[in-house]
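Student: Here is a sequence together with a model predicted from it:
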Amino acid sequence: MDSYKKINIYEFLTDNNIIHVKLDELFLREIKEKIIQKYDSLKKYNSRKLKICYETLKAEFSKNKYFKFKRLLKIAKDISISNREIFSHIEVFFARGSKTGRELILPKEIRIDEQFAEGYALYLAEGDNGSNGHTIPRKVRFTNSEFSVLKYFQEWLLKYFPNNSYYFKALIPNDKTFTKRDYDYIKTCFKLKDSQIKTKRCKWKKKTGFVYRVCCDQAILIDLILSLKETIKEVCKKDKKLAAAYIRGMMIGEGTCYFNKSRYVRIEMKNEKEIKYIYKLLKLLGYNCKLSLRSNRKDMWSTYIGAKQLKKFYEEIGFGVHQKRQSILKKAVNKKLRINQYV
């Protein structure tokens, strides 16, 4: 039987101040009627409970396309309407005042299965997630250079958050040429329209090749994804299949397989909290691994799995869609390679 858990994702948005929603008109009219029945008029209700500009409230019930989500939930509570009932009448979400303020369609529930856990961890590894501590991300941006990994994230985004706009951006080094053949390949591989493909010239300090991004300019969606973090981690700690999927996602983004004089898999990152969580999941799955702070790289944490456990790692976790790393891992397990390799 597949491992999964369903969660109501609307609950994770109830404290978000930027969110507005569009309700079906009949239900909005019903809310207004219940307010009048209980408080005699909209104006009296506002003066007793909300105490905001009355014209603002009046406009939300008459001419505005969107209703402020937190205010709506407060009103619903005052007239004994449950959050669940409100959720069932939401048509779209909207971030008013946001530069990325397009309408967003969200399912009420998400199935936290192995694919979701893997893709979620992959986004934490390779996407904009605010872990650098400098900025708060206001859009979903997933960056990688491997097409198989980008394709996997695209499919993850489309499966769990369907019917929303996104685009593919090619970041081109100044000394490289982005040809029509490159453009056509991306268009075909990712099944994109011309309007979904963008390019940008970049100057890298270390990288020399093309880098690509899958982007969804939605402030609400990135807020939601990041707000799910602790819940997803708790779910994965309680299910070994989900734990393995989460580790696999991290390994696709941050892991490395070595087949040199010694054979091992390693994952490194500066995010101490995240690496310690990965370490706990590996211990949960029965791996005899080590966690250490690198002496030759400042603030870099590392955990690795040695040669004796590579077969177990290959069968239970692996590098998923990252074909290069998975290929090296397979050779390392079978002891067929005799030259130094790592990716």
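Tutor: On my side now, so go ahead.

Student: drop to CA atoms for contacts and neighbour counts, all remaining ones
Tutor: OK.

Student: Where does the prediction get shaky in the stretch 101-250 of the chain?
Tutor: 101, 132-134, 205-207 (pLDDT under 70).

Student: what does stretch 54-64 rub up against?
Tutor: The contact list for stretch 54-64, computed with Cα atoms under 8 Å, 6 or more residues apart in numbering, reads L28, R29, K32, L42, K43, N46, Y66, F67.

Student: Identify the farthest-apart pair in the residues you listed.
Tutor: Between any two of the contacts of stretch 54-64, the greatest separation by Cα to Cα is 19.6 Å, found for K43 and Y66.

Student: that older thread, can I get the contacts of stretch 54-64 in a markdown table with neighbour count?
Tutor: Putting the contacts of stretch 54-64 into a markdown table (neighbours: other Cα atoms under 10 Å) gives the following:
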| residue | neighbour count |
| --- | --- |
| L28 | 18 |
| R29 | 14 |
| K32 | 17 |
| L42 | 19 |
| K43 | 18 |
| N46 | 18 |
| Y66 | 19 |
| F67 | 21 |
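
Student: Need those residues in JSON lines (columns: secondary structure, distance to R111 and pLDDT).
Tutor: Shown next, in JSON lines, are the contacts of stretch 54-64 (DSSP: H, G, I helix; E, B strand; the rest coil; distance: Cα to Cα, whole Å; pLDDT from 0 to 100):
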{"residue": "L28", "secondary structure": "helix", "distance to R111": "29", "pLDDT": "96"}
{"residue": "R29", "secondary structure": "helix", "distance to R111": "32", "pLDDT": "96"}
{"residue": "K32", "secondary structure": "helix", "distance to R111": "34", "pLDDT": "97"}
{"residue": "L42", "secondary structure": "helix", "distance to R111": "39", "pLDDT": "97"}
{"residue": "K43", "secondary structure": "helix", "distance to R111": "42", "pLDDT": "97"}
{"residue": "N46", "secondary structure": "helix", "distance to R111": "39", "pLDDT": "97"}
{"residue": "Y66", "secondary structure": "coil", "distance to R111": "28", "pLDDT": "95"}
{"residue": "F67", "secondary structure": "strand", "distance to R111": "28", "pLDDT": "96"}
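
Student: Pick the one among those closest to R213.
Tutor: Nearest to R213 among these, counting by Cα to Cα, is Y66 at 30.9 Å.

Student: and the closest one, what does it touch?
Tutor: H20, V21, K22, L23, E60, F94.

Student: Would you point out the most distant pair within those?
Tutor: Spanning the widest gap among the contacts of Y66 are E60 and F94, at 13.9 Å by Cα to Cα.

Student: The two: which has the busier surroundings?
Tutor: The neighbour comparison of E60 against F94 (other Cα atoms under 10 Å) goes to F94, with 25 against 15.
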